[in-house]
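Chemist: return a 3D structure for these sequence lines:
(one chain, ligands or ions: 1)
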Amino acid sequence: MIIVLIGYMGSGKSSIGRKLSKKLRCNLIDLDDYIVEKEKASVKEIFQSKGEIYFRKKEEEYLKELLLLQGDTILSLGGGTPCFGDNMKFILESENTQSIYLKSSVKTLTDKLFLKKSKRPLIANIETKEALAEFIGKHLFERSPYYQKAAHQVVTDNKTKKEVVLEILRLL
Ligand code: S3P
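Modeler: Numbers count the residues shown, from 1 in each chain. Next comes the predicted model:
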C-alpha cells in the first residue's frame, strides 16, 4: 500500500512520514527530496533558475511515477502537489493508495513556518509574522478544497508527532 501524506507547508508531512515509516517498517519517499535528487538542484534553485511552472511539471511527472511503485511506501508530498493539474484526482484513483490530510491551523503553520521559511520559495520573502499569517490564511483557503478530498484527515494542532502517528495508525 502507498500512504500519501498531504498538507500545507509546515504541517509535518516529512517528519510524520519519517516516524510512520519507522513504525510500519516501510519505505519512505519525500517527493521534494526525490525532485531534488532527480533534478540535481534544490527546490529554491529550481524555482529561481527554471521557474515555478517547470517545478510543477516535474512534481506531477515524479508523483505519477512514484504512485506506480509496488510495495509498502509512505509518500510525503509538497504542500502544493495536490493543488496542481490532475494530481489529486490521480492520487484518489490510484490503486492501493490511501491519502491522509494533515490539517493544521493558520496559527500552528505560521508559528512553525516563520522560523523555517528561507528554503521555501513561496514564503521566503515575507518579512513579518503578521504578513505571513495573512498569506497563509488566504493560500490555505484556496488550497483546502484539494486537501479536503483526501480519504482521511488528522488535525495536528497541539498534538505531538507521536500522537499524530498513532491517530494515523488507527485510521489505516
Ligand atoms: C510548496 C511546498 C514545498 C515545496 C515547494 C512548493 C507549496 O514543500 O514543494 O516549495 O507549493 O506549498 P513542503 O510542503 O514540504 O514545504
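Chemist: and Leu5, what element?
Modeler: Element membership for Leu5 (DSSP states H and E) is strand 2-6.
Chemist: let me know the average pLDDT across that strand.
Modeler: The predicted model assigns strand 2-6 a mean pLDDT of 98.
Chemist: so which elements touch that strand?
Modeler: Strand 2-6 makes packing contacts with helix 13-24, strand 73-76, strand 97-103 when contacts are defined by 3 or more C-beta pairs under 8 Å, 6 or more residues apart in numbering; DSSP states H and E. Every C-beta, even on glycine, is put in place using the N, C-alpha and C of the backbone.
Chemist: do that again at 6 Å, thanks
Modeler: With contacts defined as 3 or more C-beta pairs under 6 Å, 6 or more residues apart in numbering; DSSP states H and E, the packing partners of strand 2-6 are strand 73-76, strand 97-103.
Chemist: got the angle for the last one vs strand 2-6?
Modeler: Same thing as strand 97-103. If you take axes from the mean of the first three to the mean of the last three C-alpha atoms, to 10 degrees, strand 97-103 sits at 20 degrees to strand 2-6.
Chemist: ok, residues contacting the longest helix seen in the chain?
Modeler: The single longest helix within the chain, with elements called by DSSP state H, is helix 129-147. When contacts are taken as C-beta atoms under 6 Å, 6 or more residues apart in numbering, the neighbours of helix 129-147 outside the stretch itself are Ile6, Tyr8, Pro82, Cys83, Met88, Tyr101, Val106, Leu109, Thr110, Phe114, Ile126.
Chemist: how many residues are close by the second one?
Modeler: It stands for Tyr8. Per other C-beta atoms under 10 Å, the neighbour tally for Tyr8 reads 23.
Chemist: how about the secondary structure of the nearest residue to it once chain neighbours are set aside?
Modeler: Setting aside the residues directly before and after it, Tyr8 is nearest to Gly79 in space (C-beta to C-beta, 6 or more residues apart in numbering), at 5.0 Å. The three-state label for Gly79, taken from DSSP: H, G, I helix; E, B strand; the rest coil, comes out as coil.
Chemist: just to revisit the earlier point, can the strand holding Leu5 be found next to the ligand?
Modeler: No. Remark: strand 2-6 sits outside contact range of the ligand, by C-beta under 6 Å from any ligand atom, the gap being at least 9.5 Å.
Chemist: what's next to that strand, contact-wise?
Modeler: Contacts to strand 2-6, defined as C-beta under 6 Å, 6+ apart, come from residues 13, 17, 73-77, 82, 91, 97-101, 147, 150.
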